[in-house]
Every structure is written in C-alpha cells, then in structure tokens.
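Student: Everything below, folded, please.
(4 chains)
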There are 2 protein chains.
Amino acid sequence: MSPRLDRDTVDRILDVAEHLVQVRGYNAFSYADVSAALGIRKASLHHHFATKADLGAALVERYRRSFLAALAAIEEAPAAGERLGRYVGLYRSVLRRQRMCMCGMLAADIATLPAPMRRGVARFFTENEAWLARVLAAGRSRGELHFAGAPAAIAAFLVSALEGALLVSRGSGEPAHLDAVASLLLASIARRPPGRAVSPRSGRRPLRPRHRR
Amino acid sequence: MSPRLDRDTVDRILDVAEHLVQVRGYNAFSYADVSAALGIRKASLHHHFATKADLGAALVERYRRSFLAALAAIEEAPAAGERLGRYVGLYRSVLRRQRMCMCGMLAADIATLPAPMRRGVARFFTENEAWLARVLAAGRSRGELHFAGAPAAIAAFLVSALEGALLVSRGSGEPAHLDAVASLLLASIARRPPGRAVSPRSGRRPLRPRHRR
DNA sequence: GTCTATAACGAGATAGAC
DNA sequence: GTCTATCTCGTTATAGAC
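Tutor: The predicted structure is shown next:
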C-alpha cells in the first residue's frame, strides 16, 4: 500500500545516490552515505534496492531518461544555434552545481560496473550523440549552422569536448575551463555572419561568443 | 643495502598500481590487487609505501614527470604539425592499451583524493596545457599553424577534447571515438593550404582531414 | 516500510619473526 | 625486504521484530 510514499522514498534515495556518484564515483559511495543523508537506516535502503547493483542500474536508467527529456525540451527552440547553446548549457549547469556528468563519471568507473550499468552508460552516449547529430544535420540543411563532415562525427566531437571539459575543470580546479571550451565549440559551428564580407583573415575565428546578429 | 633491488621493486609496484588506477580508478584498487599481481605480500608493499596515500602521491608524481619527459621528446620534432600529431599520438597510445589517462581518471576521483594527489593532478593539467600553448604559439608565429584566439584557450580545448574522447570511448565501448575526435582537432588547427585562394566558403572548415595540398 | 542486530567479507594498516 | 599473523573498520547484505 501507499505507493505514493514509496515512490517518494525511492526518488529521494536516487537523488542522493546520483549526487554522490557525480561527486565521488560509483566505488566511493556507500549505503551508509545515503543512509546518513536521508536519516533512514541502511537496512531500509535494501528494502527499496536489494543490491547496490540494482540501485546503480536504476540510477543510470533514470539519468538517461531525464537527459533525453531535457533534450526533447531543447528541441522546442526552433533555431539550431539556440538548440546548441542550450545543449551546452546542460553541461554548464552540471559544472555550476560542482558535479560531473553522472555517465561521464561512470565511464571512468566502467571496468568495475555490473553489466546492466555498463549497457546503460553506453546507451546514454549513443543516444546523446544521435540527438546532437540530428540537430546538427537539420541546422546545416537550413543554413543555420556551418561545418564540414559528417554530423555524427561532429556530434561525437562535441560530446567528447564537453565531457572532457567537465573532467579537466575538476582535475585542474579551474571551472573556467568549461567556458573556454564551450565558446570555442559554439563559435566553430555557428553560422558565419552573412553580412560580413569575406576578408582575407575572416577565415576562422572559433573564439567569439555566440549571438551577434 | 641493495638499493638497486629496492628501486626495482618500487618501480614494479608503481607499474602495477598505475595500470590498476588507469583501468579501475583510485578507489577500486587495493594493496591486495597489487600483491596478487606481483606475488608479494601486502605487508611488504607497506614497507615501500606506508599508506595508500603515499603510493598515490608517488604514482601521480611519476606519471606527471614521465608525461613531461614525453612532451620534451616531442619537441625534438621541428615542425609544429608533427609535434601536434605526436601529442595526439600519446592519447591514442593510452587508448590502444585500453587505459584511461591516469590523471583523467584521478580527475574523476578528485573529491576522494588526499590533498597531495589533488595538487599533483592539477599540476599535470596546467603543465600539459602550458606546453601545448607554447607549441601552438610557436607554430602560429612560424606560419605552420592556423587558428584564432589565445594559444592557452586552444590548448585547454585540445586537452579537454582528448581527455573527453578517451572517457567517452570507454563509456560508449566505441574506441573509434578518439580517432574521429583526433582527426577533427588536427584538421581544425593545421595550416590552410597557402596556394588555395580565399574562396567565398573558405571561411571556416574545422573538419577536413589535414595534409591535402 | 522501517527498525535493530548481525553476519561475512575485504580494506588499509601494524607487530614482530626471519 | 619479505614474511605470517592480527587488528580495526567500513562495506554489502540478511534475519526477523515492530
């Protein structure tokens, strides 16, 4: 009975566990940590998630779905540039909250994860890249974006750069790292301003902050 | 006495531990793992590294120095393009050996590391980027490379993209990921062919595989 | 659904013989 | 320098009362 309360507890457990994984990694958080944060006993946690592997699998599944939902929300923006800006914003927000992308963190832990978690992590990245590739392809065909090569390759590139920027920002203790990378990424793909004549050096300037005409 | 044998044992311990960290992370390897791999008892390991924190600090220090040495070796190549190619090759080699960059891995674990390790990891990234920035600046001033913006920003960008490519390659189970990213990176910085006139669309093409011309 | 209590194990670390 | 033996603690997990 009382499926409502049950649901809530499960969600609260997942919230805390997700945060812990994003900050400490899968192997450096325990039921005791979740227990302390929630004011609930370890044994009670096992009632909701029998094993840590079960908890981990639920964690990945929820994160993946919620990320996909965020991507779907971004598609409501009509302009490709806006979509990319918001996509990058997802990563900025992760860093602002002093976390790592949960699946990026789990990618580091991959060798130690149970198989269902590994599959979920792989799926997160392939779906993430597939979505990006669609946005890129649509944006280019509408003349809103400018890049050469396969959208899938650029998508892989964007995901790598953003995940890496989160990682290096943590490692170097320099949060501005991500902003520098994000600016370069967006500028290198944004449409060149159409009014601008082709000056000899107009070639490539991956640096300027976006918007601007 | 017998400092020779001592040295060797220390090195073998560090070799095994480094591998374990690159594959499993700092929190998912133990003295028991090293012990088993080396055929030496746990207590003997403690003779060489009193605590895991000591072992970890030595690990970071050695990795950082050895990476710097690899960078110094790369500088023997006179051409900037060649230097960058070899730099990217360092990352390719890590992936080929089915590992993660050790400091990239430790960047994920950063919240759980003892302070000396954290400092070593941060230093690894700043030195790494500083070296790259120098290579980029020199290459551009000699007309061998082509990019806009501060070399330091591009350096941060390259490191992020490569670390991220290693990470995502692991997470997605798709090793080709890194190759795609590496090609895009090198192409976006390589010198534009001088013979080529400035065509209306020559603007920006971060995409095409280098050489050609 | 939550609790207390406890089992079973592996981790990092130490003492002291050889 | 390496060993055996042992300690202490934290971890995942279970049993069974409330």
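Student: Now do the nearest residue to residue A:46 once chain neighbours are set aside against residue A:76, distance only.
Tutor: Distances taken as Cβ to Cβ, 6 or more residues apart in numbering or on different chains put residue A:31 closest to residue A:46, at 7.3 Å, once the chain neighbours are dropped. Using the backbone N, CA and C atoms, a C-beta is placed for each residue, glycine as well. According to Cβ to Cβ, to the nearest Å, residue A:31 and residue A:76 sit 39 Å apart.
Student: same deal with residue A:68?
Tutor: For residue A:68, the distance to residue A:76 (Cβ to Cβ) stands at 14 Å.
Student: Also residue A:174?
Tutor: 33 Å.
Student: ok, back up a step: how many neighbours does the residue nearest to residue A:46 have?
Tutor: Residue A:31 is flanked by 18 other residues according to other Cβ atoms under 10 Å in any protein chain shown.
Student: for it, what are its contacts?
Tutor: A:42, A:45, A:46, A:52 (Cβ atoms under 8 Å, 6 or more residues apart in numbering or on different chains).
Student: what's the farthest-apart pair in the residues you listed?
Tutor: The distance between the two most remote of the contacts of residue A:31 (Cβ to Cβ) is 11.2 Å, for A:42 and A:52.
Student: higher neighbour count, the two?
Tutor: More crowded of residue A:42 and residue A:52, by other Cβ under 10 Å: residue A:52, with 17 against 13.
Student: Look at the more buried one and report its pLDDT.
Tutor: If you check residue A:52, the pLDDT there is 98.
Student: Check the gap between it and chain B for me.
Tutor: Here residue A:52 is placed at a distance of 13 Å from chain B (Cβ to the nearest Cβ, to the nearest Å).
Student: would you list every one of the helices in chain A?
Tutor: A:3-24, A:31-38, A:42-48, A:52-74, A:80-96, A:102-108, A:115-141, A:151-172, A:176-189 (DSSP state H).
Student: Pass me the low-pLDDT residue ranges in chain A, would you?
Tutor: A:1-7, A:191-213 (pLDDT under 70).
Student: Would you mind listing what in it touches DNA strand D?
Tutor: Chain A comes close to DNA strand D at residues A:29, A:30, A:31, A:32, A:33, A:42, A:43, A:46, A:50, A:51, A:52, A:53, as judged by Cβ under 7 Å from any atom of the strand.
Student: now these: which count as buried?
Tutor: A:29, A:31, A:33, A:52 (16 or more other Cβ atoms under 10 Å in any protein chain shown).
Student: Just flag the most distant two among those residues.
Tutor: Pairwise distances across those peak at 11.5 Å for A:33 and A:52 (criterion: Cβ to Cβ).
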